[in-house]
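Asks: just a sequence and a predicted model for now, questions to come.
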Amino acid sequence: MEPTRNRLIDLLAENTDTYISGQTLSDQLEISRSAVWKHMKELEKDGYQIEGKPRKGYRIISFPEKVSANTVQWGLTTDWLGTTMIHRTTIDSTQVLAHKLAQEGAPHGTVVIADEQTNGRGRMERPWNSKLHKGIWMSMVLRPSLPPHQAPQLTLLTATVLADVLQRKLNQSLYIKWPNDILIGNKKVSGILTELQAEQDRIQYMVIGIGMNVLHQEGDIPEELWHKASSLLLETGTSIQIKPLIQEILAAFEPTYAAYMKQGFAPIKRKWEQFGFRLNESIHIRTFQKEWDATFLGIADDGALLVTDSAGKPEKLYSAEIDWFHEAD
């Protein structure tokens with residue numbers, strides 16, 4: 001958010017029971033009274049209810065729950081993540097815009113959020129149903145000093161952040177299905193899409209997309225997905241406000257990312273395995289050459305899936321078709 005507007009909201013929030021004069025705001029913000037008035041009008045567009053009275057000044061009556069760059073940034077406790085924030089009411093895909101911005105030089109920590117995606121997608125170009133005002137549709141631009149082969153670790157890192165935030169908020173058990181799905185019970189409520197532009201030895205930028213079904217009701221989810229997709233509302237009966245949830249995710253991601261850049265992947269691996277779906281249980285695996293029943297052992301030190309091979313010995317998998325529900329079916 002523009003620093004002046006952020007400071008203006010702070011001043012109004014500190015004086016909710018009294019009026020603060022336009023001149024006082026002008027002096028403290030070091031802008032003209034006309035500029036103060038223009039900022040007030042922009043805040044009203046975002047849903048802030050502000051009362052203005054002649055010879056008294058301004059008083060904020062209520063804060064919006066709507067999602068916008070202003071409303072998300074105000075109260076956000078990060079240092080760099082979300083400092084540049086782009087909001088769209090409707091967009092084809094936050095990933096597409098984030099890539100475009102990154103290629104144009106958008107800084108590390110740029111966040112793109114939308115109320116609705118008309119062409120949202122997950123891994124392998126699978127469509128993601130991104131209903132208006134029903135979920136979190138967000139992409140983050142990162143510029144880590146990492147070699148490209150470590151990029152998948154940031155998918156796993158993001159999954160641990162989402163699982164941690166949701167478990168604290170919902171007080172309910174969640175699982176991470178390798179590598180990028182957040183499950184409540186056996187149903188997916190969130191997914192992660194990680195894409196990057198890289199040279200041979202370094203990442204130029206990464207875009208990490210997060211899709212989370214928050215307020216979907218049954219009719220909002222395509223019938224063919226009822227058996228495997230759900231929302232926080234459907235699974236918990238709790239209606240969660242989207243704006244604060246975005247803020248919590250960003251506030252949790254920043255220190256987790258910073259710790260990873262200093263300490264490496266080992267702490268993320270341990271955290272991920274605390275949430276690992278079907279850890280030490282049977283899964284069914286198909287590759288181009290063969291298929292077999294395996295035991296899911298966890299994730300390897302580089303983030304690869306660690307399973308037993310057809311002879312029962314540990315094996316790393318970087319890609320395969322995995323049937324996690326093979327035994328249950």
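Replies: Received, thanks.
Asks: ok, now which ones touch Ser145?
Replies: 202-203, 261 (Cβ atoms under 8 Å, 6 or more residues apart in numbering). C-beta coordinates here come from the backbone N, C-alpha and C atoms, glycine included.
Asks: for Ile192, which non-adjacent residue is closest in space?
Replies: Closest residue to Ile192 apart from its sequence neighbours, by Cβ to Cβ, 6 or more residues apart in numbering: Asn180 at 4.1 Å.
Asks: need the outlier residue of the protein, farthest from its centre.
Replies: Going by Cα atoms, centre = their mean, the residue of the chain most distant from its centre is Arg55, 44.3 Å out.
Asks: most neighbours, which of the contacts of Ser145?
Replies: Ile203 (20 neighbours; other Cβ atoms under 10 Å).
Asks: what are the buried residues along the helix or strand harbouring Lys269?
Replies: Using DSSP states H and E, Lys269 sits in helix 266-275. Across helix 266-275, burial judged by 16 or more other Cβ atoms under 10 Å covers 268-269, 271-273, 275.
Asks: and the contacts of it?
Replies: 153, 156-157, 159-160, 163-164, 174-176, 256, 259-260, 279, 298-299, 301, 303.
Asks: kindly recompute the last result at 10 Å.
Replies: Helix 266-275 is contacted from outside by 153-154, 156-164, 167, 173-179, 182-183, 256-257, 259-260, 265, 279-280, 297-303, 306, using Cβ atoms under 10 Å, 6 or more residues apart in numbering.
Asks: mind checking pLDDT for the residue nearest to Phe63 when sequence neighbours are not counted?
Replies: Computed as Cβ to Cβ, 6+ apart, the closest residue to Phe63 that is not its neighbour in sequence is Tyr48, at 6.3 Å. On the pLDDT scale, Tyr48 is placed at 87.
Asks: Tyr48 reaches Arg59, doesn't it?
Replies: No: counting by Cβ atoms under 10 Å, Tyr48 sits too far from Arg59 to count as a contact (11.3 Å).
Asks: returning to that earlier point: now the residue farthest from the centre of the chain, what's its secondary structure?
Replies: coil (DSSP: H, G, I helix; E, B strand; the rest coil).
Asks: so who does it touch?
Replies: Neighbouring residues of Arg55 by Cβ under 10 Å, 6+ apart: 19, 21.
Asks: before we move on, the earlier item: check the offset of the helix holding Lys269 from the chain's centre.
Replies: Once both centres are worked out by Cα atoms, centre = their mean, to the nearest Å, helix 266-275 turns out to sit 19 Å from its chain's centre.
Asks: mind listing what's buried in the stretch of helix or strand Thr24 belongs to?
Replies: Following DSSP H and E, the helix or strand that holds Thr24 is helix 22-29. Buried positions in helix 22-29, judged by neighbour count with 16+ other Cβ under 10 Å: 22, 25-26, 29.
Asks: okay if I get the residues you listed as JSON lines plus distance to His216 and pLDDT?
Replies: Below are those laid out as JSON lines (distance: Cβ to Cβ, whole Å; pLDDT from 0 to 100):
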{"residue": "Gly22", "distance to His216": "44", "pLDDT": "88"}
{"residue": "Leu25", "distance to His216": "41", "pLDDT": "90"}
{"residue": "Ser26", "distance to His216": "45", "pLDDT": "91"}
{"residue": "Leu29", "distance to His216": "41", "pLDDT": "91"}
